[in-house]
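K.L.:
Give me the fold of what follows.
(2 chains)
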Amino acid sequence: MRTIYTTFMCVIWLCISAATALAQQRQVTGVVTDQQGITLPGVTIAVKGTSAGAVSDAKGAFSISLPGQQATLVFSFIGMQTREVQVAAGQSKIDVSLQNASRDLNEVVVVGYGTTKKSDVTGSVGSIKGSDLNRVPSANVDQLLQGKIPGVQVIAPSGQPGAGATIRVRGYGSRSDANALVVIDGIPLGDAGGIKQVNPDDIESIEVLKDASSAAIYGSRGANGVILITTRRGKTGQARIGLTALTTVSTLGNKLDLFTDPVDVASINNESRINGGEAPQYVGQVIGGTYYPSVAELRGIDPTKQPWPYNTNWVDLVYRNPISQSYTLSADGGTDKTKYSVSGNYYNEQGLAIKNGYEKYIGRANLEQKLKSNVTLGVNIIATWTKNYGQGLSVDRNIIFPAYNPDGTYFHIGSNDYNNPVQIANEVLNKSKTLDLLSSAYISWDIVKGLNFRTRISNAFGNSISDNYQPRDATSSGYQFQGLGTVSNYDSNHLIVENFLTYDRDFGTKHHINFVAGTSYEAQTVRTSSIQGQGFVNDILKDENLAGATTYLVGNNSTKSVLESYYGRFNYSFLNRYLFTFTGRTDGSSKFGANNKYAFFPTGAVAWKVNEEAFMKNIPQVSELKLRGSYGIVGNQGISPYQSLSLLGSYKYFTDGGFQTGYGPPFFNDGSNTNGKVFNGLGNKSLKWETTRQLDIGIDLGLFNQRFTINADYYFKHTTDLLRLNQIALSSGYSVIQINDGVIDNKGFEMGVNAQILQGKFDWSVGGNFNLNRNKVLNIGGGNSIEAAQGDIEAIRAPLNYYINGYPAQVFVGYLFDGIVQQTGGTSPVDGTVQKAGDLKYIAGGPLAVGQNGKYIIGNPNPDFTYSFNTSLKYARFDLSTQFYGVKGNDVFNFSKFTPSAQLQRWTPDNPTNLFPSVNSTRVNYASDWYIESGSFLRIQNVNLGYTLKPQTIKGISNLRVYFSGSNLYTFTKFNPSFDPEVQENGQFGGNYRKPRTYSLGVNVSF
Amino acid sequence: MKKLKYIALVLAVTGFTACKKQLEEKPYGFLSTENFYKTEADANSALIYAYSILPDLDYYSRNFITLTESPTEDIEIAAGKNADEVLLDKLSATPTNSVLRPGFQLPYVGINRANLVIAYVPAITKISDAAKNEIIGEAYTLRALHYFNLVRLFGAVPMHLEPVDDPSKTNLAKSSIQLIYGQIIEDLTKAAGMMDQTRRLGRVNQVGAWGLLSKVYLTLASGKASGSPGYDFVAGADEMYAKAKEFSAKVINEQTAYGLDPSLVAIYDVNKKAGPEHLWDASTDRTGTNEGLYSKLPKMFMPNLNFRLPGGVFVPGGFNEFLTESALYNSFDANDKRKTQLIISTISDVNGGNSGTGPTQNLSITDSYTRPFSNKFNDSGWQAGDQTSCNTPILRYSDVLLVYAEASGPTTEGYAAVKAIRTRAGLGDLPPGLTVQQFRDAVLQERSWELCFEGQRLFDLRRTHNIENILVTKYGKSVTGDPYFFPIPQSEVDRNPNL
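P.N.:
The predicted structure is shown next:
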């Protein structure tokens, strides 16, 4: 929407330049740039006290006539702070750099079906410009938002190329789908997480609709917040070609906790087996065709044996320091009638693990054509192609044995070992390709002054094909099936037809009205199919000829869902001080039960611009003071289609010489048993939306012409009718039914602070965000006060995360750890077995009636708060910015706690520690707070040092900035430093794809 | 303001005509009760679906065996395995024991599927009466089998006789043991009158229904006679014994397809599934794509080593979960072929890999981890991986023959039936002149040897009121819970307020 203002400026410029043609005394020329030295076209330059003025051209250059020897020039530009510059006598050249007005009150924000001035926002809308996103190399937009917008938490536990993140807006308020809705250029795309369709270089701005009032325009999909991404548009009078290039080297970010001495591996393994009542293996014997050396042999003190030749460094074999690249070429510009913006991006990210990478191409074209003075046509197309290949590999493999046999084949430890990571990397085919096409076309018609009608047809198409082949020799599934090949296809199409009217008008000098009213129709179809072949003659063809398999497994599926909506937003402001907003949407969704197809989501908001009051005029230091309040109802329809229906599933039975297919009511065996084509349990005709009532109270404060700003919000979200699978009486013959049941509250406080401490040649600004969310389960499980969030976890033979009335969502449940059993004797309160010296000592009998004995709440994966701060320094042509991100107060359940270094500190009769148990190969483990560690961390997310060349230093290049950037540089944490403490939302950690530390060299050029 | 008219027009044209019809879901690729149950093929398919629950790993291909064998002297759970299984081994299962849940749930899944057949197939017109009767009869038999399992495992339980198709029908109160047995007898009697004697792999026929009915009557008879808890309602034990004899006699005399297989090993040979003993099996095949379509049950019994079976079959490694108990192993006569042929004590090429060689290992019954294991569950055509074609027997001819013996008591027919079994096992006859009680005890012991590992022993001990006498007194097992009925799983108690 900046285009409107640019156009506006041009009109002014025309008027001004006509006036200045009259008087000509003295000519001053120069170039206007922004903080980064990027030239600024269209800057208005006025001579103070006169009507004379000029506008900078496409290369930022200007020329202006001064009426006298000394004068003051006033440079102004939308989004920049207006700057006054004295021109000395005799000075004929003056280059000026303008500062970003980071909190310019006239800035425009996108709010869904329209835009509004930032100062007129009544709800809670977080906004960030594309240039202010995290400057880390990233395949997705997700990570670029981490720590950037108050109230938005980005959880990115994986360092795998192309990996997405979890984005939570104001906490976790749904068990079926707590993801925010992502809208790209007006196209509602679906759940946040892995927003790969947009090139970060193309982003004009990202807005996050957080409170009920602002999100209500998306009705039944707004309860978890809405993320609006707007890509760049062409601007009038400006033709620019830009090139950005970024080369990144990744390195291992953690010091690894691995065995380095084969003697330790063998002696601990022997000890573990002996403690477990099994025969030790490393005694110099052949097991399964593999020779297990004795400990003495490994030590090299067995005179009858050669020294053991292997100590395999798996890290060297599996990890690497890969180089990743990203290039963007863009062009944008326009005339009064036509505006365009096109770009292409190639992104290639290589993983730390060998043979693992991600490639992406994005092409984008945006065109706006004025057909008539009041009719505009626009087209927007984004095409994204990605390829993902390889997999994460483990480096904690036994170092006693080599990677290869002497003949060059892969070494296996015994005949049932299929975990050679080098072989998996080289031989397992794991590849997926995706193609996404987002396209939309619109016609905008200014019917009468202030009244605009817009019709828009959008389509989001997505396709993916994955190839997987597991050779018989490389993985256990490959062995089990003698070659296992799978080809999976996914194809989705989402059509959106929208019509809406916008009316914007002043009535007199006191009243201003803006309203939007519209309808939309969305239809989404998803088709999937997969073919699996099991059993091949050999592994040569991989999955290329599945017809050659002994057994086939074929599946296909298709779903369609429809959403019909009416929406409206009415803004009224009185005296530009008192602002009122009413927003509502009616959604009708096919996904819901026959009895509950439609729902209405009404909201309201008020705001008071205190700084516009007469009494505030005496306090000019306060440039903005706004109080906001909103309340309303939004919904969440996050379930798959057909969940309200009773459908028949199918399964097979072997009879009469072959498998015959039967049909009947499907059966979920807790999801753990994929009994053929299961779809759901019992149908529920009354299924409906989740409903979230949210109250928001906020304040926006700006001081000293917005050099110092604070935005703070308190919110209270009350979510009822949680959509969830309910376990029903086993005797019904079903396990589950999809129901609306349960209440979760999220309340919190979020704040963003920005300060421009120094301005001028030395420029220093700092900023920070703070988010505090308190999550509480008020009711779950139809009268039961405790409900597991997942099925049994193998390692602890029970679920770990639970929903418990009165406690935060997903708390850990287990026994209490009471040190290590020092003397064998007594029975375990957990399973009644005899407690052996070296075992973990548990305290059972807790208040929660789960398991054989009562358990306790042993931890909370929800953080107390998350925070981030950044500082940005500029001196002359250098710039240096640093970003920190932190999470505080969450518990992590660390399944990987008993690391090699911990095993070396294990309990033994000679080391009667209370920290770590003995090693025992047959011990049964239970969840206890022994596993719990603090997940708090503070990370130096990014340091970016740049240098901008003086404009036109190189002929033809209007701008050139080179920069060096380091990401994930250091993490302050008490968590095991061999791992990254950023873990998934439920707090479970069992080893992630390691997040690399990266160093990048980048260049931005524009012509 | 003429333009406003245009706006109204534009909105009218571009705005959609809202109607609920667009929001109706027409699922693609799914059948529903509305468009199914129309043809004979549909009826067959509905029945196949009802059968398909039987070999589920949570039913006959694993869980049912864990549930019924581990509490007895047949097997114990290896150390370090599932704690709930270990507790079950001590018959001290609490309602939250994870083994109980599927043991309770899966029969109900099967019941619901059988109820659908019983409810919908009668209305199908494009089907011959014979085919229709056969299908409905098999569904009745399936329902009876599931309730027979439930009532023997848990006692009084909810009894669904109609399909559950609405949330309002999910929670039923318990029906008494008496009512449930009444229904089982009614269903099986009805079924036996509807089915033919054609043998269909994995399916039941008239002979199977008779056999099952004889076991139901024997359970009632011996439960009443022994004073086992829960059988007070039975009017007269003798009357029930007579019924058990009547129906087991039908199995012996009123058909030509079934009999004792002269070779013990052949009974369990996956290539001879149509052998004369197989009245009813939960059918699997190694070409299946999921566990349940194929069986991993053999691996539960086998040591966690790779080795070759005596026949040369390569076993890629067992789970070592079920260890043969010395109580059972030592109770066999040294020459009993059911021990020498059906329990494997020597394995070869241990840890030699698929193509390699290795030492031969003699398994010791006193070893904590690697013991002699059952040869009843294996696959002579075992290829790579876990998939086997091993069926779990639901009803075998020798089982019914021993029902006949027990029901007949120390009569000529009774002695003759036991003799047939013992002769095949390479043993001599029972001593003559046994009292009724002595004879029935001997038959019970014979059943232990003949049917061990097949999910029969727990029920035999329960119905004869022998848990304390045999498990505790004779074998010294500790029993801490109610040994006669398992508690109804907590997950049912929590969800069903009408219990």
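K.L.:
OK, now which residue of the stretch 51-200 of chain A is nearest to chain B?
P.N.:
In the stretch 51-200 of chain A, the residue found nearest to chain B is residue A:113; the distance is 15.0 Å by C-beta to the nearest C-beta. (C-beta placed from N, C-alpha, C; glycine too.)
K.L.:
Tell me who's in contact with residue A:610.
P.N.:
A:577, A:616, A:625, A:626, A:627 (C-beta atoms under 8 Å, 6 or more residues apart in numbering or on different chains).
K.L.:
what does residue A:470 give?
P.N.:
Applying C-beta under 8 Å, 6+ apart, the residues contacting residue A:470 are A:428, A:429, A:477, A:478, A:481, A:483, A:484, A:485.
K.L.:
Just the buried subset of the contacts of residue A:610, please.
P.N.:
A:577, A:625, A:626 (16 or more other C-beta atoms under 10 Å in any protein chain shown).
K.L.:
Would you mind confirming that the second one makes contact with residue A:611?
P.N.:
In this case it means residue A:625. Yes: in this structure, residue A:625 is within contact of residue A:611 by C-beta atoms under 8 Å, at 4.4 Å.
K.L.:
Overlap in contacts, those two.
P.N.:
residue A:702.
K.L.:
domain assignment for the chain?
P.N.:
Unless you meant another one, I'm taking chain A. Listed domain ranges for chain A are A:2-97, A:108-235, A:262-310, A:646-679, A:781-873+A:888-933+A:978-1007 (source: automatic domain parsing).
K.L.:
nope, chain B
P.N.:
Taken from automatic domain parsing, chain B resolves into B:40-254, B:395-474.
K.L.:
and these as CSV, adding mean neighbour count?
P.N.:
Shown next, in CSV, are those (neighbours: other C-beta atoms under 10 Å in any protein chain shown):
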stretch, mean neighbour count
domain B:40-254, 21
domain B:395-474, 20
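K.L.:
need the contact list for residue B:116.
P.N.:
Taking C-beta under 8 Å, 6+ apart, one finds A:664, A:665, B:33, B:37, B:46, B:50, B:163 in contact with residue B:116.
K.L.:
rewinding a little: so which of the domains of chain A is the most surrounded?
P.N.:
Greatest average neighbour count among the domains of chain A goes to domain A:108-235 (a mean of 24), per mean count of other C-beta atoms under 10 Å in any protein chain shown.
K.L.:
what is the mean pLDDT for that one?
P.N.:
Mean pLDDT, computed over domain A:108-235, is 88.
K.L.:
didn't residue A:854 look like it was pressed against residue A:830?
P.N.:
No: the criterion here is C-beta under 8 Å, and residue A:854 misses it with residue A:830 at 10.5 Å.
K.L.:
Export only the CA atoms of stretch A:129-136, formatted as PDB.
P.N.:
Only the C-alpha atoms of stretch A:129-136 are listed here, as PDB (Å, rounded to 0.1, in the frame of the first residue of the first chain):
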ATOM      1  CA  LYS A 129       9.100  -5.100   7.500                       C
ATOM      2  CA  GLY A 130      10.900  -7.600   5.300                       C
ATOM      3  CA  SER A 131      14.200  -5.800   5.800                       C
ATOM      4  CA  ASP A 132      13.900  -6.200   9.500                       C
ATOM      5  CA  LEU A 133      13.500 -10.000   9.500                       C
ATOM      6  CA  ASN A 134      16.200 -12.200  11.000                       C
ATOM      7  CA  ARG A 135      19.100 -12.200   8.600                       C
ATOM      8  CA  VAL A 136      19.800 -15.900   8.900                       C
END
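K.L.:
Could you check what's spatially nearest to the closest residue to chain B within the stretch 751-900 of chain A, not counting adjacent residues?
P.N.:
Of all residues in the stretch 751-900 of chain A, residue A:831 sits closest to chain B, at 4.2 Å by C-beta to the nearest C-beta. Of all residues not flanking residue A:831 in the chain, residue B:83 sits nearest, at 4.2 Å (C-beta to C-beta, 6 or more residues apart in numbering or on different chains).
K.L.:
Please apply the same query to residue B:144.
P.N.:
Closest to residue B:144 by C-beta to C-beta, 6+ apart is residue B:187, at 4.2 Å.
K.L.:
how about residue 202, what does it touch?
P.N.:
Because you didn't say which chain, this covers chain A. Applying C-beta under 8 Å, 6+ apart, the residues near residue A:202 are A:130, A:231, A:232, A:328, A:330, A:343, A:345, A:362, A:364.
K.L.:
right idea, wrong chain: chain B
P.N.:
Contacts of residue B:202 by C-beta under 8 Å, 6+ apart are A:653, A:654, A:655, B:51, B:54, B:281, B:282, B:283, B:391.
K.L.:
where does it sit relative to residue A:886, distance-wise?
P.N.:
61 Å (C-beta to C-beta, to the nearest Å).
K.L.:
all helices of chain A, in order?
P.N.:
With DSSP state H as the criterion, chain A has helices at A:2-20, A:212-215, A:262-275, A:295-299, A:314-318, A:421-427, A:476-481, A:900-904.
K.L.:
Make TSV out of those and add distance to residue A:816.
P.N.:
Shown next, in TSV, are the helices of chain A (distance: least, C-beta to C-beta, whole Å):
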stretch	distance to residue A:816
helix A:2-20	59
helix A:212-215	41
helix A:262-275	23
helix A:295-299	36
helix A:314-318	36
helix A:421-427	37
helix A:476-481	36
helix A:900-904	20
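K.L.:
lowest-confidence stretch among the ones you listed?
P.N.:
Among the helices of chain A, helix A:2-20 scores lowest, at a mean of 42.
K.L.:
For the contacts of residue B:202, could you give me JSON lines that also reports distance to residue A:408 and pLDDT?
P.N.:
Putting the contacts of residue B:202 into JSON lines (distance: C-beta to C-beta, whole Å; pLDDT from 0 to 100) gives the following:
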{"residue": "A:653", "distance to residue A:408": "47", "pLDDT": "93"}
{"residue": "A:654", "distance to residue A:408": "43", "pLDDT": "94"}
{"residue": "A:655", "distance to residue A:408": "48", "pLDDT": "93"}
{"residue": "B:51", "distance to residue A:408": "51", "pLDDT": "96"}
{"residue": "B:54", "distance to residue A:408": "49", "pLDDT": "95"}
{"residue": "B:281", "distance to residue A:408": "48", "pLDDT": "96"}
{"residue": "B:282", "distance to residue A:408": "47", "pLDDT": "96"}
{"residue": "B:283", "distance to residue A:408": "46", "pLDDT": "96"}
{"residue": "B:391", "distance to residue A:408": "44", "pLDDT": "95"}
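K.L.:
Chain A contacts on the stretch 251-400 of chain B?
P.N.:
Within the stretch 251-400 of chain B, the residues that sit near chain A (C-beta under 8 Å from any C-beta of the partner chain) are B:283-285, B:287-290, B:292-293, B:306, B:316-317, B:351-354, B:356, B:358, B:368-369, B:383-387.
K.L.:
of the residues you listed, buried ones?
P.N.:
B:283-285, B:287-290, B:292-293, B:306, B:316-317, B:351-353, B:358, B:369, B:383, B:385-387.
K.L.:
now chain B, which segments are flagged as low pLDDT?
P.N.:
Within chain B, the set of residues satisfying pLDDT under 70 comprises B:1-21, B:27-30, B:80, B:384.
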